[in-house]
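> One predicted model, sequence on top.
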Amino acid sequence: MNDSVSKTLTVSFVVCLVCSLLVSFAAVSLRDAQNLNKLNDQRIKILKTAAIYNPEESVESQFTKLTPKFVDFSNGLLLDEYEELDLTTYDPVYFSKQANFSSPIPSDLDIAIVKNKENIGKIFLLKDDNDELEKIILPIRGYGLWGTLFGYIAIDKDLNTIRGLEFYEHKETPGLGAEVDNPKWKALWNGKKIYKDGEIEIAVIKGKVDPSNTMADYQVDGLSGATLTSRGVTNMLAFWFSESGYQETLKNINYDS
């Protein structure tokens with residue numbers, strides 16, 4: 001009887017051990033592929049934001065149309081290199097969590113609940129065949145209802161007109177806040193304005209935009225049943241287009257253009 005129990009326990013242990021080893025091996029061997037898929041998904045979002053994505057072409061070849069730049073948030077300057085950081089693989093969100101590469105945001109300024117902002121950002125420039133600036137793609141993030149929304153926004157060379165908005169990660173409620181992924185809602189952003197007389201006016205409103213309203217160009221239809229998500233998107237843009245975000249960078253781009 002005791003021998004039977006011992007054998008059963010031994011066999012169970014061996015089976016569990018073998019299964020654990022197989023799962024661990026699969027996880028390790030697939031890690032590179034999973035990371036590559038995650039990177040490609042994010043790159044597709046960037047390409048879609050810039051309105052240049054073609055599913056018939058490889059993501060890698062399309063991505064070469066964009067020029068990445070570091071952003072020094074202390075002065076808004078664009079950089080091609082910064083210390084030992086690799087511009088190709090640099091992930092601002094990751095570095096926002098590293099104490100030596102980020103700074104806490106004062107609570108009175110942190111309307112998007114970002115908490116810590118990377119000292120060095122990363123943006124993408126889209127240029128035409130004559131090397132003239134067409135669009136700027138900026139990473140953005142901010143708190144919605146259940147968590148942080150991570151995405152990209154594209155603005156025109158006039159530095160004030162929105163040309164695309166995409167989110168690659170969020171925790172919003174399906175059918176409500178998750179409608180930030182609805183193509184019809186995202187299409188509403190094309191042509192909307194950010195600044196009016198130097199002030200940030202872009203906002204997601206409650207209900208639908210009245211075309212006759214003098215502020216219609218600065219307003220986007222609210223997400224039905226998702227007031228907090230709508231407010232979160234508004235606060236997110238208000239933060240990243242303020243002095244706390246890319247405002248100084250956009251001024252520098254304007255001076256350079």
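Yep, that arrived.
> Please count neighbours and contacts with C-alpha atoms only from this point.
Fine.
> Which strand or helix spans Ser103?
strand 102-104 (DSSP states H and E).
> tell me the average confidence for that strand?
For strand 102-104, mean pLDDT is 97.
> what helices or strands is that strand leaning on?
The helices and strands touching strand 102-104, judged by 3 or more CA pairs under 8 Å, 6 or more residues apart in numbering; DSSP states H and E, are strand 116-118.
> what's next to whichever helix or strand comes after the strand it packs on, contact-wise?
Elements were assigned by DSSP H and E; along the chain past strand 116-118, the next helix or strand is strand 120-127. Here strand 120-127 makes contact (CA atoms under 8 Å, 6 or more residues apart in numbering) with 50, 65-73, 87, 90-92, 101-102, 133-139.
> Name every strand pairing with the strand holding Ser103 and say which way it goes.
Sheet pairing of strand 102-104 (DSSP bridges) gives strand 116-118 (antiparallel).
> next one: the strand it pairs with to chain centre, how far?
In terms of CA atoms, centre = their mean, to the nearest Å, the centre of strand 116-118 is found 14 Å from the chain centre.
> Not counting its own residues, what contacts stretch 243-251?
Val71, Phe73, Asn75, Gly76, Leu77, Leu78, Leu109, Leu159, Phe239, Trp240, Phe241.
> switch to 10 Å and redo it
For stretch 243-251, the external contacting residues (CA atoms under 10 Å, 6 or more residues apart in numbering) are 71-78, 105-106, 109-110, 117, 121, 123, 136, 138-140, 157-160, 236-242, 252, 254-257.
> Could you give me the buried positions within the host helix or strand of Ile137?
Using DSSP H and E, Ile137 sits in strand 133-143. Buried residues in strand 133-143, counted by 16 or more other CA atoms under 10 Å: Leu133, Lys135, Ile136, Ile137, Leu138, Pro139, Ile140, Arg141, Gly142, Tyr143.
> and which of these is nearest Ile46?
Using CA to CA, Ile137 is the member of the buried residues of strand 133-143 that lies nearest Ile46, at 7.3 Å.
> which residues touch that closest one?
Neighbouring residues of Ile137 by CA under 10 Å, 6+ apart: 46-47, 49-50, 66-68, 122-126, 152-156, 162-165.
> Could you tell me which of the residues you listed belong to helices?
Among the contacts of Ile137, DSSP state H puts Ile46, Leu47, Thr49 in helices.
> most neighbours, which of the residues you listed?
Ile46 (28 neighbours; other CA atoms under 10 Å).
> residues near the nearest residue to it once chain neighbours are set aside, how many?
Nearest residue to Ile46, sequence neighbours excluded (CA to CA, 6 or more residues apart in numbering): Tyr152, at 6.5 Å. For Tyr152, the count of nearby residues is 22 (other CA under 10 Å).
> Then Tyr246?
By the other CA under 10 Å criterion, the neighbourhood of Tyr246 contains 22 residues.
> Ok, Val209 next?
17.
> What helix or strand is it located in?
Here Val209 is assigned to no helix or strand, by DSSP H and E.
> Spit out the contact partners of the residue lying closest to it once chain neighbours are set aside.
With CA to CA, 6+ apart as the criterion, Val209 has its nearest non-adjacent residue at 5.5 Å, and that residue is Asp221. By CA under 10 Å, 6+ apart, the contact set of Asp221 is Trp185, Leu188, Trp189, Ala203, Val204, Ile205, Lys206, Gly207, Lys208, Val209, Asp210, Ser230.
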